[in-house]
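*Asks:* from the sequence below, what's the structure:
(one chain, ligands or ions: 1)
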Amino acid sequence: MTSAATAFTLAIFKPHLLKNPVAYGAVERLIKSSGMRIVTRKQVHLTQPEAEQFYRDHQGKFFYRRLISLMTSGPLEVLVLSGENVINRWRELMGPTKVFKAVYSNPECIRSLYGLTDTRNASHGSDSVASFQTEAALFFPNQEFASNEASADNCESNGHQQQDRQNSS
Ligand SMILES: Nc1ncnc2c1ncn2[C@@H]1O[C@H](COP(=O)(O)OP(=O)(O)OP(=O)(O)O)[C@@H](O)[C@H]1O
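*Replies:* Next comes the predicted model:
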């Protein structure tokens, strides 16, 4: 059965979040308790050209170099999440881009709890369906993400298998 309400987003746990097992576990629990599903996930260590491609829209901004430096500083985890209105729900869970603002406006959000600076703000989330499609094509070029419950569920088990393979490699 096709569900128009099922959607996808691409989430990234930035390198400093991955290095903190307590924060990593807490964010994972937040995702699960919010009802979003983890469709697939993998850890990658971006090269400089890959990070520059991912953040090409920010080229020239004052924080661009430090952003590329952060995103290439160690492994990060990329996840595809699914669920109703998942783009907005994940962005809400993350909170505002700027950690200082996050702390005051939403003390329970991920960036408030685990962000260190405006750049090292713990996580990323697609901001639109078009962004999700571009980002998913970069990180999961051989996977299709179909908007129906059955394929999301199938993908979830595939995702665990993929994670298991990566953990064992
Ligand atoms: N003013 C800033 N100072 C320092 N770093 C910034 C600033 N604005 C954005 N960044 C960094 O660039 C990333 C991308 O910025 P963008 O404006 O797209 O924010 P966002 O949509 O909230 O975050 P993301 O795209 O990572 O989900 C941010 O997550 C943050 O790491």
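*Asks:* okay, CA-based contacts and neighbour counts for the rest of this
*Replies:* Noted.
*Asks:* gap between residue 24 and residue 9?
*Replies:* 19 Å (Cα to Cα, to the nearest Å).
*Asks:* up against the ligand, what does this structure have?
*Replies:* Within reach of the ligand by Cα under 6 Å from any ligand atom, the chain has these residues: 63, 67, 97, 118-121, 124-126.
*Asks:* re earlier: ok, residue 24 and residue 9, which is more surrounded?
*Replies:* Neighbour comparison, residue 24 and residue 9: the larger count goes to residue 9, with 29 against 17 (by other Cα atoms under 10 Å).
*Asks:* now which of the residues of the chain next to the ligand would you call buried?
*Replies:* Among the residues of the chain next to the ligand, those classed as buried by 16 or more other Cα atoms under 10 Å are 67, 97, 118-121, 124-126.
*Asks:* and stretch 37-47, what's buried?
*Replies:* So for stretch 37-47, counting by 16+ other Cα under 10 Å, buried means 37-43, 46.
*Asks:* ok, now stretch 65-77?
*Replies:* The neighbour-count check on stretch 65-77 (16+ other Cα under 10 Å) flags 67-68, 70-77 as buried.
*Asks:* same check, this time on stretch 52-68
*Replies:* Going by neighbour count (16+ other Cα under 10 Å), the buried part of stretch 52-68 is 52, 54, 64, 67-68.
*Asks:* quick one: which of those is nearest the ligand?
*Replies:* Distance to the ligand across those (Cα to the nearest ligand atom) is lowest for residue 67, with 5.9 Å.
*Asks:* the closest one sits in which helix or strand?
*Replies:* Assigned by DSSP states H and E, residue 67 belongs to helix 64-71.
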